[in-house]
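# what follows is a predicted protein model with its sequence.
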Amino acid sequence: MTTDILAGVRARIVAALDAAHPGLPPEVRARVDVSVARDPAHGELATNAAMVSAKAAGRKPADLAAALVAGLAGDALIALAAPAGPGFVNLTLHPAVWRAQLPTILRAGEAYGDNAAGQGVRVNVEYVSANPTGPMTVAHARGAVTGDALANLLAKSGFAVTKEFYINDAGNQVQALAWAAYWRYLEALGTTLTEDAFAAAVPGGLQYRGAYLVDVGAALARARGDTLAGPGLTVADPASWLDEVRDFTMAEMLASIHADLDQLGVHQDVFSSERALLASGEVERTIARLADKQLVYRGTLEPPKGKLPDDWEPREQTLFRSTAFGDDVDRPLKKSDGSNTYFANDIGYHAAKAARGAALLIDVWGADHGGYVKRMQAAVNALGDARLEVVLCQIVHVLKGGQPVRMSKRAGTYVTLADLLDEVGRDAVRFTMLTRKSDAQMEFDLDAAVSQTRENPVFYVQYAHARCRSVLRAAAARLDGADLADVGLDSLVHETELALMRRLASWPRTVEAAALAREPHRIAFFLYDLAGDFHTLWNRGRDDAALRFLRDDDLAGTLASVALVAATAVVIRSGLAVMGVDPVEEMR
RNA sequence: GCGCCCUUAGCUCAGAUGGAUAGAGCAGCAGCCUUCUAAGCUGCUGGUCGCUGGUUCGAGUCCAGCAGGGCGCGCCA
């Protein structure tokens, strides 16, 4: 049978239902659910089978429930089945069923929880995708952690996952960045120009004034001396330096982003450059495909409702008919200077990802791009060779001492990822970022993230693992080479032990549900609950010597308890691996 | 004005495909305790699930409307 006990029980319920009332339609059988009961008075599990099929069967829920109960008598897994409430059937399994999961877990190791829900579907998860114009911020950190954990989760659930980073290196902002770096370059050389005087010479003004470009300017000065500057360290003709400075700066920025991601433990498979994409002609080919479908036209958009921008005037543009695919208005593909909009390039990019084989595209974006979702999905649907889902990450407010943190040495107004890592470390960043649904705003409390209390999920879960490892180290001598996957487990009878085993058994279903919902935060909450079950059992051992894991007078019982501890450690590691957090062996 | 997201205990938040008396941590209250190296532990208290309608045997969950908060709204990316 499957390693998912709940799925196994469900199969038996459906079989019993078929026996009780043959011929129920598949869509009714599909609604049969087996869930973990909240209230112990309701048994361990409950099924809604009788209620969901009552109407189709033309029978009262209570009658069906009674028939189900009769049909389940003598079942190998189910010790107790009882009709209850409006038509539930409450179930209690033989304790041996839960115990039997322990060797399964120990043999599977961290692969426990792997499932086939993804059916090998090729999915491309794109995340971070920062403009390479400045340091990574907390906002990027949330997207990075969310995307990375989601990719891990999907891989564990049987999807064929590619992790991707899109480099937006083709827009106007890259030119602006080059100008800003050029200013730091002149500064490094000792120019007498003031920043304001320089800014006056920049087309569109000096946009990036953050100190993070100081090092770039200095590096450029070391590499090229004053050869890129005009006479007297003034601004030379951009034609003579702009491309070189741009490429140099871009390389430096990307190196910085890579370093930050590396520190965060994020390692993506593919880095795609917008410039390279443009050069490849993929964008134009993709737009041509849309044009072939009669979805590209010259037209004039209605003015937006409500407050108009001051300079709004009707203008004919090249538009994509995104309204045909659920968007609110059609969207421009060309700027007035004839170059592509970002949207046009992004259409080409998504087509490229699909062309590489992905049937499912998942983009992890900041909430400020929420207005962009419909048009991008419209474009992907119009092309018809993949499906696009978007996971939006809401903003993160960083708190310290209960006060918002806004200042950063490097970026000026944003808390950088590097600052965050310095402050609390990789594991706390990754875990804490996953303690909220991605589409809910979150407050990241720096003090809480490093506190050693139950309030801090990172600590609480790591501590549980460290305790497991501590017990296992102490037990090593007594094991005497025994295979924990092969020891007698009959001594595991206490309700606290059963509760822990039930939690361990629900890990595969948790993984699958989280993957299908694209909600990696559920893993964090599962681990927190699991840690709670384990700590509770540990604490029981203080009062009740019979519940201590290591018992001098009971070797067989000790082996069973140690197997339970080992399985707990395995599941914690399996969960932390999804989150990209390293388990600790001991607390310091 | 339009679109998307959010609103659950005093606070911070969980609640997969609709299921029974809505959960956890913190705070508060009451006991206990100095540990199988380890965060002290156990229990209790605390809720009109923003509001109003609707669908359903059954709604925190689905639908409609309203209120409050956030984000976005033609050639920025």
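In hand now; what should we look at?
# phi, psi of residue A:112?
phi -60, psi 130 (degrees, to the nearest 10).
# for residue A:267, same thing?
Backbone torsions for residue A:267, taken as degrees, to the nearest 10, come to phi -130, psi 110.
# contact partners for it?
Contact analysis of residue A:267 by Cβ atoms under 8 Å, 6 or more residues apart in numbering lists A:163, A:261. All C-beta atoms are positioned from the backbone trio N, CA, C, and that covers glycine.
# that one and RNA strand B: what is the separation?
23 Å (Cβ to the nearest atom of the strand, to the nearest Å).
# number of nearby residues for residue A:338?
7 (other Cβ atoms under 10 Å).
# the one 5 residues further on too?
Residues near residue A:343, counting by other Cβ under 10 Å, number 17.
# by contact count, what packs against the longest helix seen in chain A?
Assignment by DSSP state H gives helix A:555-579 as the longest helix of chain A. For helix A:555-579, the packing partners by 3 or more Cβ pairs under 8 Å, 6 or more residues apart in numbering; DSSP states H and E come out as helix A:95-108, helix A:138-156, helix A:457-479, helix A:495-505, helix A:507-517, helix A:521-543.
# what angle separates that helix from helix A:495-505?
40 degrees (axes from the mean of the first three to the mean of the last three Cα atoms, to 10 degrees).
# and the angle for helix A:555-579 with helix A:507-517?
Inter-element angle recorded for helix A:555-579 and helix A:507-517: 10 degrees (by the same axes, to 10 degrees).
# pLDDT on helix A:555-579, on average?
Average pLDDT, helix A:555-579: 93.
# ok so, going back, which stretch among the helices and strands packed on helix A:555-579 comes nearest residue A:338?
helix A:138-156 (32.0 Å; Cβ to Cβ).
# next SSE after the closest one?
As assigned by DSSP states H and E, the chain's next helix or strand after helix A:138-156 is strand A:160-167.
# that following strand and RNA strand B in contact?
No - Strand A:160-167 does not reach RNA strand B (Cβ under 7 Å from any atom of the strand); its nearest approach is 9.3 Å.
# moving C-terminal of that strand, what's the next helix or strand?
helix A:172-189.
# not counting its neighbours along the chain, what's nearest the residue in the stretch 151-300 of chain A positioned nearest to RNA strand B?
Using Cβ to the nearest atom of the strand, residue A:171 is the residue of the stretch 151-300 of chain A that sits closest to RNA strand B, at 2.4 Å. Excluding the flanking residues, the one nearest residue A:171 by Cβ to Cβ, 6 or more residues apart in numbering is residue A:342, at 6.4 Å.
# could you count how many residues lie near that neighbour?
Residue A:342 has 15 neighbouring residues, counting by other Cβ under 10 Å.
# any idea how far it is from RNA strand B?
3 Å.
# kindly report the same for residue A:32.
Per Cβ to the nearest atom of the strand, residue A:32 is found 9 Å from RNA strand B.
# same check on residue A:88?
Applying Cβ to the nearest atom of the strand to residue A:88 and RNA strand B gives a distance of 4 Å.
# buried residues in the helix or strand where residue A:389 lies, which are they?
Assigned by DSSP H and E, residue A:389 belongs to strand A:387-393. Along strand A:387-393, these residues count as buried under the neighbour rule (16 or more other Cβ atoms under 10 Å): A:387, A:388, A:390, A:391, A:392, A:393.
# could you give the bridge partners of the first one?
Judged by DSSP bridges, the bridge partners of residue A:387 are residue A:360.
# so it touches residue A:362, yeah?
No - Residue A:387 is not in contact with residue A:362 according to Cβ atoms under 8 Å; the separation is 9.4 Å.
# nothing else from me, thank you.
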